[in-house]
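>>> Just a sequence and a predicted model for now, questions to come.
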Amino acid sequence: MVNVIPSAGHPLFMERADAILLLQEHVVKESLIAHCRATAAVMRATAEALDEDADLWEVIGILHDIDYEEVGGDMQRHGDVGADLLLAAGLGEEVAGPVRRHNYVKYGDTDTPVDTALTAADNISGLVIACAMVKAGSVSDVTAKTVKKKVKDRAFAAGCSRDRIRRIEAYMELPEYYALSVAALQGIKENLGLS
Ligand SMILES: [Fe+2]
């Protein structure tokens with residue numbers, strides 16, 4: 001797919017590679033960078049399924065936790081600091097808004113497609129990676145059926161919110177979402193250190 005590069009002034013004038021570079025200026029932990037890449041891959045696939053702007057949604061996914069190390073566990077600042085940083089970097093509210101609001105503990109659940117998709121992707125990405133880890137790091141061996149089973153097992157990857165994942169049902173069926181999430185992560189498995 002050819003990425004359209006919007007001109008300066010467009011809310012998204014940042015390509016995927018530049019977004020990753022920006023992320024790496026603020027985040028050093030490899031596992032966190034992998035989490036952001038995984039969330040971004042699910043965001044792109046979700047946007048494609050919903051006929052939304054896949055380039056934009058992918059960049060939102062890459063950048064959503066850009067402030068995570070900076071806020072150092074202060075969840076009252078998480079999201080706000082990231083959004084401010086992105087606005088200062090010249091990105092628009094189209095990117096900064098979902099990043100700010102994905103802190104649903106602070107902002108509550110919002111119903112826009114992009115906000116719902118981001119909080120769902122944030123959680124399903126971790127769950128799919130956890131599924132791969134119990135298969136010796138092989139995401140290739142994970143299926144939508146594996147995910148469905150593990151979603152029901154509340155003790156498994158307990159930090160991944162099932163409620164946030166299920167909110168995607170407003171836009172698509174869960175089996176479709178599990179399948180596209182697994183395929184998205186399989187598509188970038190080398191970037192995630194998985195096979
Ligand atoms: Fe995240």
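Thanks, I have the structure now.
>>> show me what contacts the residue nearest the centre of the chain?
Residue closest to the average C-alpha location in the chain (Cα atoms, centre = their mean): Thr39, at 2.4 Å. By Cβ atoms under 8 Å, 6 or more residues apart in numbering, the contact list for Thr39 reads Gly61, Ile62, His64, Asp65, Leu118, Ala121, Asp122, Ser125. (Glycine included, C-beta is placed from N, CA and C.)
>>> Show me which positions of stretch 149-164 end up buried.
The neighbour-count check on stretch 149-164 (16 or more other Cβ atoms under 10 Å) flags Lys150, Val151, Ala157, Cys160, Ser161, Arg164 as buried.
>>> rewinding a little: which pLDDT value does the model give the residue nearest to the centre of the chain?
Predicted confidence (pLDDT) at Thr39: the value is 98.
>>> Would you verify that it is located in a helix?
Yes - looking at Thr39 with DSSP: H, G, I helix; E, B strand; the rest coil, it is inside a helix.
>>> can you list the residues that contact stretch 147-166?
104, 119-120, 122-124, 126-128, 130-131, 174-175, 177-178, 181-182.
>>> filter those to the buried ones?
Buried among the contacts of stretch 147-166 (16+ other Cβ under 10 Å): 104, 119-120, 122-124, 126-128, 130-131, 174, 177-178, 181-182.
>>> In helices only, show me these.
104, 119-120, 122-124, 126-128, 130-131, 174, 177-178, 181-182 (DSSP state H).
>>> Restricting to those, which residues neighbour the ion?
Asp122 (Cβ under 5 Å from the ion).
>>> ok, of the ones in helices among the buried ones among the contacts of stretch 147-166, which one's closest to the ion?
Asp122 (4.2 Å; Cβ to the ion).
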